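A.B. asks: Pasting the sequence and the predicted coordinates here, then a few questions.
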Amino acid sequence: MILIVGGAGYIGSHLVKELINKERVVVLDNLSAGHRESIDERAIFIKGDLGKVGDVESVFQRYRIKAVMHFAAHSLVEESSQNPYKYYENNVAATLNLLNMMNKYEVNNFIFSSTAAIYGIPEEEIIMESSSTIPINPYGRSKLMIEQILADFHQAYGLNHIILRYFNAAGAYETGEIGESHDPETHLIPIILQYLLGKREKVSIFGTDYPTYDGTCIRDYIHVTDLANAHIKTLDALMTGKKSAGIYNLGNGVGYSVKEVIETCEKVTGIKVNAEHAARREGDPARLIASSKKIGDELGWKAERDLEEMIKSAWKWHERQIY
Ligand code: UDP
């Protein structure tokens, strides 16, 4: 049995849908941001809080867990600056509770969802895992703290783990059954698609004076199904003893500016976006592009879906979005 913490959320629910074809899965989620409807019906679902000792312990008592994947985190940069306690409480303290329970029940395999936000403002054009990690907001710091705790647990308790640093997750399940649904929505692609469906008044481009080729921020977008597949490869490597204590970037290795994302949405949907120029959003680095060479070399994973595919699948989801 594999425990997926946060399996009702955007990335977790896509992973569950892939993993359930190979493994038995139990999802622990408090549904604070996730959706019950997103969890594949073949998975066992337990509603519970990561920060509550009793909630977490009862899962380990009831099921023989072989490995844990941890997707349950708050992940908004701006909110983390305004309310750091919320981030340190959930992303750090609650995760520590989970790790402690794993230790108690001798569950020794852990896959951790980390983020490009730990790199802060990168010096290199293409970010390597060895690039310096100086996060510039509490969200990034909360994730880096867990990365450091995992290194210590590996050294002291022999915890097998792999850290996956996501760049910008996008897209939806190919059938359009599940997809991205945040409230409030802050992410660029869903905002554009909601605007195109008449669900929002405007699209704002946050900053047009960045030192990039068109003045807007550049990000490395990665399809959520590619992310899910990376987790399955990682789990395999961990369970077969092929790899532990690895850290990997997950991206496409290609950057798109905000303006290019808008143009691709126009191309996919055939509808024009009249975006307005707005001030920069606090905490946004100009450019974040991953090198994913390391996971390619060591685990044989690479991203297979491009930005157009991400937007096509997201559009399918948004057109029928029911929750
Ligand atoms: N962005 C934007 N308008 C929006 C939402 C986002 O211009 O309404 C920009 C944002 O400044 C960033 C990029 O789009 O440069 C991706 O932002 P998103 O919130 O999707 O992901 P993040 O990079 O924060 O994880």
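C.D. replies: Now that the structure is in, tell me what you want to look at. All figures in this text were calculated on a predicted structure; none of them were measured in a lab. Residues are numbered from 1 along each chain as shown.
A.B. asks: what number of residues lie near the spatially closest residue to residue 160 that is not a sequence neighbour?
C.D. replies: Spatial nearest neighbour of residue 160, excluding adjacent residues (C-beta to C-beta, 6 or more residues apart in numbering): residue 244 at 4.1 Å. Where you see a C-beta, it was placed from the backbone N, CA and C, and this is true even at glycine. Residue 244 has 16 neighbours, counted by other C-beta atoms under 10 Å.
A.B. asks: Distance-wise, check residue 244 relative to the ligand.
C.D. replies: As judged by C-beta to the nearest ligand atom, to the nearest Å, residue 244 and the ligand stand 28 Å apart.
A.B. asks: go on, residue 219?
C.D. replies: Taking C-beta to the nearest ligand atom, one finds residue 219 at 5 Å from the ligand.
A.B. asks: mind starting the numbering at 776 from now?
C.D. replies: Got it, the first residue is 776 from now on, which makes the last one we talked about residue 994.
A.B. asks: Point me to the helix or strand that includes residue 887.
C.D. replies: strand 884-890 (DSSP states H and E).
A.B. asks: ugh, typo on my part, it should be residue 882
C.D. replies: Per DSSP H and E, there is no helix or strand for residue 882.
A.B. asks: tell me the contacts of it?
C.D. replies: Residues near residue 882 by C-beta atoms under 8 Å, 6 or more residues apart in numbering: 778, 835, 840-843.
A.B. asks: and the helix or strand following the strand holding residue 887, does that touch the ligand?
C.D. replies: Downstream of strand 884-890, the first helix or strand assigned by DSSP H and E is helix 913-932. No - contact of helix 913-932 with the ligand (C-beta under 6 Å from any ligand atom) is absent, the minimum separation being 9.2 Å.
A.B. asks: Return the backbone torsion pair for residue 1004.
C.D. replies: Backbone torsions of residue 1004, given as degrees, to the nearest 10, read phi -60, psi -30.
A.B. asks: Identify the residues contacting it.
C.D. replies: Going by C-beta under 8 Å, 6+ apart, residue 1004 touches 793, 1076, 1079.
A.B. asks: rewinding a little: near the ligand, anything from the strand holding residue 887?
C.D. replies: No - judged by C-beta under 6 Å from any ligand atom, strand 884-890 stays clear of the ligand, getting no closer than 8.0 Å.
A.B. asks: Can you check what angle separates that strand from helix 913-932?
C.D. replies: 160 degrees (axes from the mean of the first three to the mean of the last three C-alpha atoms, to 10 degrees).
A.B. asks: List the contacts of strand 884-890.
C.D. replies: In contact with strand 884-890 (C-beta under 8 Å, 6+ apart) are residues 786, 841-846, 848, 850, 874, 877, 914-915, 918-919, 921-922, 925, 934-941, 1006, 1009-1010, 1013-1014, 1022.
A.B. asks: Only whichever of those are buried, select them in PyMOL.
C.D. replies: The PyMOL selection below is limited to those of those classed as buried (16 or more other C-beta atoms under 10 Å):
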select buried, resi 786+841+842+843+844+845+846+848+850+874+877+914+915+918+919+921+922+925+934+935+936+937+938+939+940+941+1006+1009+1010+1013+1022
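A.B. asks: circling back to that earlier point, and the residue nearest to residue 935, helix, strand or coil?
C.D. replies: In three-state terms, and counting by DSSP: H, G, I helix; E, B strand; the rest coil, residue 1019 is coil.
A.B. asks: still on that earlier bit, out of the contacts of residue 882, which are inside helices?
C.D. replies: residue 835 (DSSP state H).
A.B. asks: Just give me the closest of the contacts of residue 882 to the ligand.
C.D. replies: Nearest to the ligand among the contacts of residue 882 is residue 843, at 24.3 Å by C-beta to the nearest ligand atom.
A.B. asks: In CSV, list the C-alpha atoms belonging to stretch 1002-1019.
C.D. replies: Taking Å, rounded to 0.1, in the frame of the first residue of the first chain, the C-alpha atoms of stretch 1002-1019 are listed here in CSV:
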residue,chain,number,x,y,z
LEU,A,1002,5.1,15.0,-13.2
ALA,A,1003,2.9,12.0,-12.2
ASN,A,1004,5.0,9.7,-14.4
ALA,A,1005,8.2,11.1,-12.8
HIS,A,1006,6.9,10.0,-9.4
ILE,A,1007,6.2,6.5,-10.6
LYS,A,1008,9.7,6.2,-11.9
THR,A,1009,11.0,7.6,-8.7
LEU,A,1010,9.0,5.2,-6.6
ASP,A,1011,10.4,2.3,-8.6
ALA,A,1012,13.9,3.5,-8.1
LEU,A,1013,13.4,3.9,-4.4
MET,A,1014,11.7,0.6,-3.8
THR,A,1015,14.2,-1.4,-5.8
GLY,A,1016,17.0,0.2,-3.9
LYS,A,1017,18.4,1.8,-7.0
LYS,A,1018,18.5,5.3,-5.6
SER,A,1019,18.1,7.1,-2.3
